[in-house]
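> Here's a sequence, model it:
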Amino acid sequence: MKSYGIAAVITLVLGLMPPAALADEAIVPEPARSADSFVEAIGVATHFGYHNTVYGQKWDEVSKLLGESGIRTIRDGLDPHVDDLWKAYGIRAILIAHPSQSWDAYLEQWKQHRQLIAAIEGPNEVNGRWEHLGNGYEGTTWPDGPKRFQDELYAHVKGDPDLKDIPVIDMSLWNKGAGPQIAPLRSFDYANAHSYAGGGMPSLSMDFRDPYLVMGRGATLPPLAATESGYHTCLGNTKVIAGAQAGVSHAAHRKYIPRQVAEYFEAGYHWDVIYELAAGRPKKTEQEDPEAAFGLLMPDATPKPAYFALKSLIGLISESQWDAATATWIRPAAHPLQTLAFALGAVPPSVHHALLQRSDGSFQLLLWNEVASFDLRKKRDIANDDVAVHLVLGGKAEWITVAHLGPDAPPVQRVEAVNQIDLKVPDEVVVVGIKLAEPPKPTPVAAPGGIVAKTAPTAVELTWPAAPDAVGYWVTMNQRNLGKAELTPDGKASFTMNQLIPATTYNYEIVAVSHDGAISVPTKVAATTVDAFPDLVVRSLKIIPENPKEGDAVHLTAVLANVGDTPTEDGVTVGVKFQVDNKTVCWSDNVHGPIAPGQEFEAKPDNGPAGATSWTFTHGTHYVTALADDMNRIVQANKVSHKLTITVSSGTSPHLVVKDSKVVQAQEGKPLIVEVVLANEGADAIVKGTAIAANLRNADATPAKTLGFAISHDELPAGGTVKLSINCATTFTAGKHKIQIVADDLKRIPELDRSNSQVDLEIDVAGP
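Predicted coordinates:
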């Protein structure tokens, strides 16, 4: 059998270290978190409604594997299988709500299944596809529709005495940077991230700003949940539902999944939901479609190596037991959380750890080398060298164990009566168990006081007097371990946090620790960043040559300016993407902050698909766009003026007009149906596959709101016409109303002339 364990040999160096050497190791006690809380934070997405996949075809196998994995939380809709899993294994569910039924129906279902609900989440990945979720919500479109639904979801859950204690998670967005379009929205207990590393190492996927941008100015940040994150194992295809995402090997997947849940736990995410348990597509194999390659199980329900690694990790850490006979979790008696005094020696920053404490007072130290384990360009595994880690304890251990992950891992190694150990830490999780010979007998230590907060738009600095009995201070925020404060020679403690959101309140907790293991009562401090934002705009966009001919290499230059009231962050890349007809042709990422208010700068492409830095001109008319901060690295005042589009033409183009329209049905209580005839009055054809769209809007509202649309993808030659029928889900009351019909509302078709692209009509809706 292929080995799923750690290939590296872990060397143990045993003995007692003299006190002088201990001091040289700069040992500082670190507060631990509950081991069982680590397991509670792990979730997995499921799709029990996909009956024509492995979920429906091999339910007995899938459910058994899920139950035996030790995972306690799933994310799905309220399917009968959710009840089965609760009864058999105590698995609870994060339930996704979307506009498919009435609030009364939702509330009744949630009350009936209250015991198995871990949280209720707003609609899934709403931007760009809201109209497909039950035809919007009461006729509202993006962004008003999902915002209104989330507000009402929160109000209904919190307003019901039987449900008010259930956490509500924000709806999810399927790409970064869309949050400001929906702000301000604060109807949730947990912000939500769909964070994928794109095949890179797990720490690359975490974003501590974008999920909060929906909240707008003046927000106080709540804790985070990631209701989707993970990897797929299709190496020949990168096309996923939400864009492009590279796959990884099974070996890298096995390493990354345990590292992912450890990274997210240490970063304070209340849940990290792995996408997914058993992804599958009907009649698709793993290497045909990335959507059939996500998951801990293969499309035929065969466990991947990552399944065994995660199951092993959970088995080593989990303490609670499910009693199916009484339908209750049997949990160990709570043990006061303590500190562990230890040091890891001179290790590189890539060596990460998480410190857990079990109910018997022993500790589990998770260690891993957070480096890339898979080369995405060459599509092969990376053989990383192990890192030598010298673990030194502040006191003697009764025993230390070292455990690997996976069914083929070597036996757990155990040593006794030591206070130091040399480890070889690989690029996957190692679990080091530690039982101290003598439990600490701490004396009280004073909580930090006199804290002064100094704020900037994207940074907070906290300082306070260091107490004589405190050997160190630890800072957290929403369970996110922010690390140790710095002790300065002048007797003060200092902590600085950068890359924050302007005009936002951050709630910190600070504890003092002493040499004998005491932890102080936490001191809470709120710090609000300065209300000042950068604002990047594209001033101009030039092409060389100015009048290109077929086959010419066109070079692009954009001039940008910061018209905001604070500089962009020091060292942060100011990216610019160049697109032609909505397709990326090249980009610039060689400009870095700070960009001062009022400062202009020039951006020229330095890279692109296959290394391209220019665009090859073709006959016809084209839209050329420069988009500032295309990767959303900078939190800005707005995104309204962050792109500029010019038209480049060889002199001819299509010209799409609304030629004719006819109201087929206009009666109160029934859908409005309108037939539209679009004509191409230009000199060039619209090629097959291009979306030729007619958009119907309600002009009674200001601004006009989309009611429905129709699309053709057939070729439309010069002089040709196409008839489209728009069926509007929203009904009108009897009487006269104003509507608009807009051709090519998203400007997918490059045109020199956009006249006649819109017509305004007045309709007379008949009574019922």
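
> can you list the weak-confidence ranges in the protein?
Under the criterion pLDDT under 70, the flagged ranges of the chain are 1-25, 128-136, 139, 639-641, 729-730.

> Domain parsing of it, as residue ranges.
Domains of the chain are assigned by automatic domain parsing as 19-32+337-436, 35-323, 452-528, 536-649, 656-765.

> tell me the contacts of Gly719?
Ala679, Asn680, Glu681 (CB atoms under 8 Å, 6 or more residues apart in numbering). C-betas here are computed from N, CA, C, even on glycine.

> Format the domains of the chain as JSON lines; extra columns: distance to Trp329.
Listed next are those as JSON lines, based on distance: least, CB to CB, whole Å:
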{"stretch": "domain 19-32+337-436", "distance to Trp329": "13"}
{"stretch": "domain 35-323", "distance to Trp329": "5"}
{"stretch": "domain 452-528", "distance to Trp329": "21"}
{"stretch": "domain 536-649", "distance to Trp329": "40"}
{"stretch": "domain 656-765", "distance to Trp329": "44"}
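
> Out of these, which gets nearest to Pro442?
domain 452-528 (3.4 Å; CB to CB).

> how far does that closest one sit from the chain's center?
26 Å (CA atoms, centre = their mean, to the nearest Å).

> contact partners of the helix or strand hosting Asp60?
Per DSSP states H and E, Asp60 falls inside helix 59-69. With contacts defined as CB under 8 Å, 6+ apart, helix 59-69 is touched by 44, 46, 54-55, 74, 81, 84-85, 88-89, 91, 277-278, 296-297, 301, 303, 307, 310-311, 314.

> follow-up on the earlier one: return the subset of the contacts of Gly719 lying in strands.
Counted as lying in strands by DSSP state E, out of those, are Ala679, Asn680.

> can you map out the strands along the stretch 551-700 of the chain?
553-562, 576-580, 583-588, 600-603, 615-616, 621-628, 643-649, 656-665, 672-680, 692-698 (DSSP state E, counting those that start in this stretch).

> export these to JSON lines and tack on distance to Cys234 and mean neighbour count?
Formatted as JSON lines, these follow (distance: least, CB to CB, whole Å; neighbours: other CB atoms under 10 Å):
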{"stretch": "strand 553-562", "distance to Cys234": "34", "mean neighbour count": "20"}
{"stretch": "strand 576-580", "distance to Cys234": "26", "mean neighbour count": "24"}
{"stretch": "strand 583-588", "distance to Cys234": "22", "mean neighbour count": "19"}
{"stretch": "strand 600-603", "distance to Cys234": "35", "mean neighbour count": "16"}
{"stretch": "strand 615-616", "distance to Cys234": "30", "mean neighbour count": "18"}
{"stretch": "strand 621-628", "distance to Cys234": "29", "mean neighbour count": "22"}
{"stretch": "strand 643-649", "distance to Cys234": "32", "mean neighbour count": "16"}
{"stretch": "strand 656-665", "distance to Cys234": "38", "mean neighbour count": "17"}
{"stretch": "strand 672-680", "distance to Cys234": "39", "mean neighbour count": "21"}
{"stretch": "strand 692-698", "distance to Cys234": "32", "mean neighbour count": "23"}
